[in-house]
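Enquirer: Need a 3D model of the sequence below.
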Amino acid sequence: MVRLSISLFLAGAATSSAFAPTLQPRVVQTSIHAAAIETPPSPLTAWGETIQDIKQAQAEFKKQKLPEFAPEISSADLGIASDDKEAQLKYFEENAMEIKKKMELHGAVVFRNFDLMKEQEGFQQFYNAIGMKVCQDPLQSVSARPTADGKKDSPVYEAVNKESRKNFFIGMHNEFVGTRAPRAAAFVCFKAAETGGEFIVADGRRMFRDLDPDVVEELYNRNIRYSVMELPFFGWIDSIPEPIQETAKAGVKGLVSAAINAKVDFSVEMLWGEGGYDNKRMLQARAPSQPPIVLHPVTGEPTWFCNVHSHSSKLRKERESLYGAERFEDGASQINKSDMFYGDDGDISEKALKNMDETTYKNARYVKMSEGDVVLLDNYKCMHGRNVFDGTRKHAVAWFGGFEGEEEVKEMVAEEMSKLGSDKVPSFGK
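Expert: Okay, the predicted model is just below:
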């Protein structure tokens, strides 16, 4: 019976799309009329150099002037009619470098009243015109996010629009899975929810600046670690004779670890949990230890790069009291349960979690998007999330592994920061 249960689980893990290896480049259409090209995987995460004295780095960063976060650009402000798609596309082509500079300087840019982006073809024309280099969804290594148009090879993915998750507040996070993180993203609204459903953004630089220095120091020195899923299928172990329970646990853990690590492109460690769903024994998969603050790959600025707000089970439970319970009932919904710990597997204190939660909300901005609105954001400088909603919502996202003219944009951003009387601090790294 033990062997049968393990075999059934491993067979399911090996055939499930949640563990399907899909890192190979795939052929996609970058626009409706464009030639097919190979889309590369989401790039490896750029952790940057180690910051030798994180407290001192934060103290120095507090002295700097930061640009406005997430400014808006409206077609009306540009003197372009909202329905003049040709003029809008021309604007994007002619101002591509300026737009990318704004993204890097401000962390995000909000585009409003552009009919061009009301449909997927125009949305793809938008990001191609400004020279964004599309990449695969970072989830490709572990799962398969639905595409916006339902086509298998589409480069535009559906956001979390399901009615079944409308009361689930998506906490603030940077997009990364295991070892992979897109450099940038464009979120588009094809259909706004009748009520709520706001897209939420938060500035990672201001997050780093405003956190309690003691919290920053402990988090950075101990690192952080994510629990990326839980497998609540092992209550049967408690019903077998105690003398063989430890042997059974060791065997199950080894087999599950081998099965999962063979299917994902990052190292996963399986740990036994004391509880789990319905107080049943479960295995928890934890990703490698990593820093919560990184140096930006283009500008070198320190920025918060940590998904505690979305991944902490404690913070999620607190939000449940406001928006309703998050349902982890069976199957994939149970497996997808996440949590967060220090890099040494210690529990993060309630005081630290409260400080991170409050600082996140302090720097968050709710963006009510209408059809055709787009938020172009730097994934390292800008966290994102989604409010609860009622009605029908259709938002989508495209991920980018980089963009054309990065070196030139870097120089443009440095010049703008100099005008503010504030430069990036190259001495942060070792």
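Enquirer: So for stretch 77-87, first residue to last residue, what's the gap.
Expert: End-to-end span of stretch 77-87 (C-alpha to C-alpha, to the nearest Å): 14 Å.
Enquirer: which residues touch that stretch?
Expert: Stretch 77-87 is contacted from outside by 75, 76, 88, 91, 113, 114, 115, 116, 122, using C-beta atoms under 8 Å, 6 or more residues apart in numbering. Any C-beta I mention is one placed from the backbone N, CA and C, and that applies to glycine too.
Enquirer: distance of the fourth one from residue 210?
Expert: Per C-beta to C-beta, to the nearest Å, residue 91 is found 35 Å from residue 210.
Enquirer: Ok, the fifth one next?
Expert: Relative to residue 210, residue 113 is positioned 32 Å away (criterion: C-beta to C-beta).
Enquirer: more crowded one of those two?
Expert: The residue with more neighbours, out of residue 113 and residue 210 and counting by other C-beta atoms under 10 Å, is residue 113; that gives 21 against 18.
Enquirer: Could you turn the buried ones of the contacts of stretch 77-87 into a ChimeraX selection?
Expert: To isolate the buried ones among those in ChimeraX, judged by 16 or more other C-beta atoms under 10 Å, type:
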select :75,88,91,113,114,115,116,122
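Enquirer: Check the contacts of stretch 77-87 and tell me the two furthest apart.
Expert: 76 and 122 (17.9 Å; C-beta to C-beta).
Enquirer: so how far is the strand ranked longest in the chain off the chain centroid?
Expert: Ordering each strand of the chain by length in residues (DSSP state E) puts strand 394-403 first. In terms of C-alpha atoms, centre = their mean, to the nearest Å, the centre of strand 394-403 is found 11 Å from the chain centre.
Enquirer: OK, contacts around the nearest residue to residue 318 once chain neighbours are set aside?
Expert: For residue 318, ignoring the flanking residues on the chain, the nearest one in space by C-beta to C-beta, 6 or more residues apart in numbering is residue 357 at 7.8 Å. Neighbouring residues of residue 357 by C-beta under 8 Å, 6+ apart: 309, 315, 318.
Enquirer: what do you get for residue 379?
Expert: Contacts of residue 379 (C-beta under 8 Å, 6+ apart): 174, 175, 176, 181, 182, 183, 184, 185.
Enquirer: cutoff 6 Å now
Expert: Shown in contact with residue 379 (C-beta atoms under 6 Å, 6 or more residues apart in numbering): 174, 175, 182, 184, 185.
Enquirer: export stretch 296-308 as PDB, just CAs?
Expert: Extracted as PDB, the C-alpha positions of stretch 296-308 are listed here (Å, rounded to 0.1, in the frame of the first residue of the first chain):
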ATOM      1  CA  HIS A 296      19.400  46.900 -10.300                       C
ATOM      2  CA  PRO A 297      20.900  45.300 -13.400                       C
ATOM      3  CA  VAL A 298      20.800  48.500 -15.400                       C
ATOM      4  CA  THR A 299      21.000  51.500 -13.000                       C
ATOM      5  CA  GLY A 300      22.800  49.800 -10.000                       C
ATOM      6  CA  GLU A 301      20.300  51.100  -7.500                       C
ATOM      7  CA  PRO A 302      19.400  49.000  -4.500                       C
ATOM      8  CA  THR A 303      15.800  47.800  -4.700                       C
ATOM      9  CA  TRP A 304      13.500  45.600  -2.700                       C
ATOM     10  CA  PHE A 305      13.100  42.300  -4.600                       C
ATOM     11  CA  CYS A 306      11.100  40.100  -2.200                       C
ATOM     12  CA  ASN A 307       7.600  38.600  -2.300                       C
ATOM     13  CA  VAL A 308       6.800  38.500   1.400                       C
END
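Enquirer: Would you pull up how far it lies from the middle of the chain?
Expert: Per C-alpha atoms, centre = their mean, the centroid offset for stretch 296-308 relative to its chain is 13 Å.
Enquirer: Residue 170 contacts residue 385, doesn't it?
Expert: Yes - counting by C-beta atoms under 6 Å, residue 385 is a contact partner of residue 170 at 4.7 Å.
Enquirer: where does the residue nearest to residue 318 land in three-state SS?
Expert: Under DSSP: H, G, I helix; E, B strand; the rest coil, residue 357 falls in the helix class.
Enquirer: remind me which residues of the protein are low pLDDT?
Expert: 1-37, 141-144, 261-266, 274-279, 324-336, 422-430 (pLDDT under 70).
Enquirer: What residues sit buried inside the longest helix seen in the chain?
Expert: Taking DSSP state H as the criterion, the chain has its longest helix at helix 242-261. By neighbour count on 16+ other C-beta under 10 Å, the buried set for helix 242-261 is 248, 252, 253, 255, 256, 257, 259, 260, 261.
Enquirer: any idea how far the fifth one lies from residue 313?
Expert: The span separating residue 256 from residue 313 equals 21 Å under the rule C-beta to C-beta.
Enquirer: Then the second one?
Expert: Applying C-beta to C-beta, one obtains 23 Å for the distance of residue 252 from residue 313.
Enquirer: next one: the third one
Expert: Here the criterion is C-beta to C-beta. By it, residue 253 lies 22 Å from residue 313.
Enquirer: One more: the fourth one?
Expert: In this structure, residue 255 and residue 313 are separated by 26 Å, where distance is defined by C-beta to C-beta.
Enquirer: same check, this time on residue 374
Expert: 33 Å.
Enquirer: what do you get for residue 321?
Expert: Separation of residue 321 from residue 313 (C-beta to C-beta) stands at 14 Å.
Enquirer: Neighbour count: these two, which is higher?
Expert: For residue 321 versus residue 313, neighbours defined as other C-beta under 10 Å are more numerous around residue 313 (14 against 8).
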